[in-house]
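# Predicted model and sequence below, questions to follow.
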Amino acid sequence: MSESCGNPAAETDALMARRTKFDRSRDCVKCKTNTGNIVIRHAVYCKDCFTPLQITKLKRTLEPTINAASAAAKGPSRNKLRADGNLAIGISGGLGSTVLLDLIARCYYSTDGSTKTKGKGGTKHPRNNESIWREARVFYIEMCGAYPESASRDRTDEIRLIVEKYPAFEFCPLRIEDAFDPAWWARVGGRSPEKEHAMGVNLASEDLLLGSVSSPTGSPCAALRAYLSSLPTATATQSAIANLTRLLLLYTATSTGSSHLLLGTTLTSLSIGLISGVAVGGGFVVREEAGEQWAPRGGTSASAVKIVRPLKDMGMKECAAWAWWNGLAVVGKENVSGGRQGIGGLTKDFIVGLERDYPSTVSTIARTCAKLAPKAAASERCVLCERPAQKGVQEWKARISIRSVRDANTDASQAAPPPKLNPPHDGHQLPPTLALTPHLCYACHTTFTSRSSRSAAHLAKGVALGAQGGPVPLPAWVASRMHEFGSGGDSAGHAGGDKEVWQGKQMGAGEMQAVVGEFLLEE
Amino acid sequence: MPPRTCGLCNNARAMLKRPKTGQQICRDCFFYVFETEVHNTITEAKLFKPGDKVAIGASGGKDSTVLAHVMKALNERYQYGLDLFLLSIDEGITGYRDDSLETVKRNQQQYDMPLKILSYDELYGWTMDAIVEQVGKKNNCTFCGVFRRQALDRGAASLGVDHIVTGHNADDIAETVLMNIMRGDIARLGRCTLICTEGEDTIKRSKPFKYAYEKEIVMYAYFKKLDYFSTECIYSPDAYRGHARVFLKDLEAARPSAIIDIIHSGEAFEVSEEVKATQKVQQTCKRCGYMSSNDLCKACTLLEGLERGVANSAITDRARKKLDAEGPAPENLRTIPFYHAPSATPNIAIAINTP
């Protein structure tokens, strides 16, 4: 019987026996001799068995993406893993990426920095002397520019110290504001529009009309802040930062000839990403959320970079155990201000809580999403997230939530004419060179346009959403792409109780009003 | 502060903020856009054709009460040419159904629609009260859900209708998408966002409120002064769905478009071809003729367990083994009447209450 909880009101007899956290015994399920040190989804493992188990999981995920035939083979041919390009590792300073860095260094690099595989034979043996990747770089994106209000510290030097422990890796710091920096864009091979034509977007209407940014000479940091502060919700800010991070990594990795971009996404964070991706309308690219092959516009498959998440079979708990037992220092990520109020933060809280009660949930989410495919072929690539975009998104939105008379689809045969609606203000018929909307996927358009009830009220007062400051700057790749549209070119711009009890009660006007009260305006 | 004008017509005074879009609009515009969006949903999916007989699944709750009102209005306004019926299921839960059935009977009078009430007792020989008495406090909603689905189809077949519309709203669908992902139910995930589901020879089932927010349905009932019965289960044993529901409400509070965004996601993906190939083929139950994935449909399996005193046989492996050990079902076992699709002559003759 469990011990008293200290609450005199709780009778000991009424408490259920605590459920054991493991299925059988306390002995390791693998070696069956040692006493277990960790419980992973009801299975007990000792420390000695835990390490090879995690290495196997990592290799099982990563190696088929390097060279599928070799990874599947057994015997000598297995060691002929050879990537087409260089290695890029994205590190955030969080738990997952810290563990990833350590695991990659242990599995594929020796302490002196040379690449090796763990085959038999001496270090001079040709089998152990071949590099899987010619060069390896670690990219870190400093986020403090995105959160000026929280006075967050610059972590670049702390991350540099961690990366320098692994001589095989070259440290390449970036900053989140680089996304708005023409110098970075030029470095990664992009064509910048001339400064006097710097392009921005006006978020006041759902068409997202394009215009010239009033002060194109401002710093990238100022442009980033103008961009983020113009977004309507905390969710939109989180999505925008994640998107900028992803594209900065992809463009930079491609420009360094990388064939693989490894991210420290754990099984837990992958599940969070998948569910929040669905919740923000990104179902069409749910497969890309788990892994994608990406090339810049006009790039060939040879120049494509594969985003791989080698820790996608390791939960947060396993990563924490790995970091603890191996004495890894975790710098930690920037705490996003207002993050808990956004869909990403809410999903994280929900999934982490659910994982505690239902340990298999995160794995189920990842496996379920792996069985999904987009329903239709992509029409084009979204200019903002550079992922496949669906056709007919705007028509779908107009049909299911009418926002203007044009959406109302009036029918001459109807008995009751509609109220006299105001003329359409949005510009679906606008030339695509004048508006951003036709070039965005559902999720990105929603990021710019979906408002919380609070921001909608602010909008009515005319005090928010970039309406006051004119067009806001766009990330370099978007501005470049839209400039090409504008100039007429369409070429690539880049290289308790359980009883069922029903209660019926008549709902009076007062009770109905209580449900919808917050949406009713004062008489 | 001067009163705000409606964001749609720019004439009348704004009376509400739309939960779905955040727009501040007047009452008339709200009625218009709510009804037109449902109309758009119906026409885009080509749900009906003139002359169709359509049964509205009516529980007396908010969704079905508003659905009956809107279906009648749209049928007249846009001349769908539908024969509308009300179809209610009486689960046999003392004190629960009585009041809400009164609402349905009032709807029958108001909307001048024929009403049919089919009870579990009549169809299965068991009321939910009797089932709970045997299965105990757990798992009784498994029986209720399976029996209700089949009862609706059988009720519709007896009315000779070929289409049932139900009041499932956008919140229900978004919640189901999330729940199916979280519990790995790939088969249901593939079909839960479909507006219309139909087997080879089964009755069509549609959800015209697929894109209607629950809050807007309540708002519509409030402004139209429709009365309904709240039928919330206060001790829901389905903890998992409860988790998903709370999470969805949090998402909606963070960004109201989340509900519609989840539905859009659900519509954008499908089960991949390789996985589809491994899914079970739909067949018919050997005992009652209803659609089934196995030799016996779920309702027959549950009923056999009830009749043979091993009620949990369709729920736990242990109970199933116990039932198997007792040998095959006796020949005099009480079974569900054989199901005939609406194209065949209905064999269940039950009187319809006409207004």
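Received it, and whenever you're ready, just let me know what you need. Residues are numbered from 1 along each chain as shown, chains lettered A, B, ... in the order given.
# so how many other residues sit close to residue 53?
In the absence of a named chain, this looks at chain A. By other CB atoms under 10 Å in any protein chain shown, the residues close to A:L53 number 17. C-beta coordinates here come from the backbone N, C-alpha and C atoms, glycine included.
# ah, no, chain B please
Other residues close to B:K53 by other CB under 10 Å number 15.
# Against B:A329, how distant is it?
36 Å (CB to CB, to the nearest Å).
# and if you look at B:L118?
25 Å.
# out of the two, which sits in the more crowded spot?
More crowded of B:L118 and B:A329, by other CB under 10 Å: B:L118, with 21 against 15.
# what's the residue lying closest to that one once chain neighbours are set aside in contact with, if anything?
Leaving aside its sequence neighbours, B:L118 sits nearest to B:G155 (CB to CB, 6 or more residues apart in numbering or on different chains; 4.0 Å). Contacts for B:G155 (CB atoms under 8 Å, 6 or more residues apart in numbering or on different chains) come out as B:A55, B:L87, B:I89, B:K116, B:L118.
# which residues are in contact with the host helix or strand of the second one?
Here B:L87 sits within strand B:83-90, counting by DSSP states H and E. Judged by CB under 8 Å, 6+ apart, the contacts made with strand B:83-90 from elsewhere in the structure are B:51-60, B:68, B:71-72, B:75, B:97, B:101, B:104, B:107-108, B:111, B:113-121, B:148, B:151-152, B:155-156, B:159, B:161, B:164, B:352.
# Narrow those residues to those that are buried.
Neighbour counting with 16 or more other CB atoms under 10 Å in any protein chain shown marks B:52, B:54-60, B:68, B:71-72, B:75, B:97, B:101, B:104, B:107-108, B:111, B:113-120, B:148, B:151-152, B:155-156, B:159, B:161, B:164 as buried within these.
# Point me to the residue of the stretch 1-150 of chain B nearest chain A.
B:G22 (3.1 Å; CB to the nearest CB).
# So what does residue 106 look like in phi/psi?
No chain was given, so I picked chain A. phi -70, psi -40 (degrees, to the nearest 10).
# ok, so what distance separates it from A:A320?
17 Å.
# So, low pLDDT: which residues of chain B?
B:1-2, B:137-138, B:199-202, B:231-241, B:341-355 (pLDDT under 70).
# Could you break it into its assigned domains?
B:38-279, B:282-327 (the TED database).
# now swap in chain A and tell me
A:20-65, A:66-71+A:81-112+A:128-401+A:432-483.
# Please identify which of these is closest to B:Y228.
Evaluated over these, closeness to B:Y228 peaks at domain A:66-71+A:81-112+A:128-401+A:432-483, with 24.0 Å, by CB to CB.
# quick check: mean pLDDT across that closest one?
With pLDDT averaged residue by residue, domain A:66-71+A:81-112+A:128-401+A:432-483 scores 86.
# Could you pick out the longest helix of chain A?
helix A:234-255 (DSSP state H).
# Which stretches in the stretch 351-500 of chain A count as helices?
A:361-370, A:393-400, A:442-449, A:453-461, A:476-486 (DSSP state H, counting those that start in this stretch).
# Revised request: answer the last question for chain B.
B:27-44, B:62-77, B:97-111, B:120-124, B:128-135, B:140-159, B:170-183, B:186-191, B:214-224, B:239-254, B:258-268, B:273-276, B:298-307, B:317-325.
# Which elements pack onto the second one?
Read it as helix B:62-77. Counting contacts by 3 or more CB pairs under 8 Å, 6 or more residues apart in numbering or on different chains; DSSP states H and E, helix B:62-77 is packed against helix B:27-44, strand B:53-57, strand B:83-90, helix B:97-111, helix B:214-224.
# residues contacting the residue of chain A found nearest chain B?
Closest residue of chain A to chain B, CB to the nearest CB: A:G283 (2.5 Å). By CB under 8 Å, 6+ apart, the contact set of A:G283 is A:G277, B:I262, B:H264, B:S265, B:G266, B:E267, B:A268, B:F269.
# repeat for A:T368
So A:T368 contacts B:N180, B:I181, B:M182, B:G184, B:I186, B:L189 (CB under 8 Å, 6+ apart).
# Report how many residues lie close to the third one.
The burial metric for B:M182, expressed as a neighbour count using other CB under 10 Å, is 23.
# Would you check that it makes contact with B:L189?
No: the pair B:M182 / B:L189 is not scored as a contact, 10.0 Å apart, by CB atoms under 8 Å.
# Skip the chain neighbours and tell me the closest residue to A:D102.
A:L328 (5.7 Å).
# for A:C49, helix, strand, or coil?
helix (DSSP: H, G, I helix; E, B strand; the rest coil).
# was I right about it contacting A:C28?
Yes: the criterion here is CB under 8 Å, and A:C49 meets it with A:C28 at 5.4 Å.
# Can you pull the residues that touch both of those two?
A:N34.
# What's opposite A:P374 in the beta bridge?
Bridge pairing for A:P374 (DSSP bridges) gives the partners B:F269.
# residue of the stretch 151-300 of chain B with the smallest distance to chain A?
Counting by CB to the nearest CB, the stretch 151-300 of chain B gets nearest chain A through B:S265, at 2.5 Å.
# Show the contacting residues for that residue.
A:G277, A:V278, A:A279, A:G281, A:G282, A:G283, A:F284, A:V286, B:V177.
# Excluding chain neighbours, what is closest to the third one?
Think A:A279. Closest to A:A279 by CB to CB, 6+ apart is A:I343, at 5.1 Å.
# can you list the residues of the stretch 151-300 of chain A near chain B?
By CB under 8 Å from any CB of the partner chain, the part of the stretch 151-300 of chain A that sits against chain B consists of A:233-235, A:274-275, A:277-284, A:286.
# mind redoing it with 7 Å?
Listed as neighbours of chain B in the stretch 151-300 of chain A under the rule CB under 7 Å from any CB of the partner chain: A:T233, A:T235, A:I275, A:V278, A:A279, A:V280, A:G281, A:G282, A:G283, A:F284, A:V286.
# among those residues, which ones are buried?
By 16+ other CB under 10 Å, these give A:T233, A:T235, A:I275, A:V278, A:A279, A:V280, A:G281, A:G282, A:G283, A:F284, A:V286 as buried.
# isn't the first one right next to A:S452, touching?
Yes: A:T233 is within contact range of A:S452, at 5.0 Å (criterion: CB atoms under 7 Å).
# Show me whatever sits in contact with both of these two.
Common contact partners of A:T233 and A:S452 (CB atoms under 7 Å, 6 or more residues apart in numbering or on different chains): B:R255.
# what are the ranges of the strands in the stretch 251-400 of chain A?
Taking DSSP state E, counting those that start in this stretch as the criterion, the stretch 251-400 of chain A contains strands spanning A:258-263, A:292-294, A:305-308, A:372-374, A:380-381, A:388-389.
# Report the contact partners of the closest residue to A:F284 other than its chain neighbours.
Among residues not flanking A:F284 along the chain, B:A268 sits closest, at 3.9 Å (CB to CB, 6+ apart). The neighbours of B:A268, taking CB under 7 Å, 6+ apart as the test, are A:G283, A:F284, A:P374, A:K375, A:Q390.
# mind redoing it with 6 Å?
A:G283, A:F284, A:K375 (CB atoms under 6 Å, 6 or more residues apart in numbering or on different chains).
# do A:G264 as well
A:G264 neighbours (CB under 6 Å, 6+ apart): A:G96, A:S97, A:L100, A:L311.
# Need the three-state assignment for A:K30.
A:K30 ends up coil, using three-state DSSP.
# Contact partners for it?
Taking CB under 6 Å, 6+ apart, one finds A:C49 in contact with A:K30.
# go with 8 Å
A:Y45, A:C46, A:C49, A:L53.
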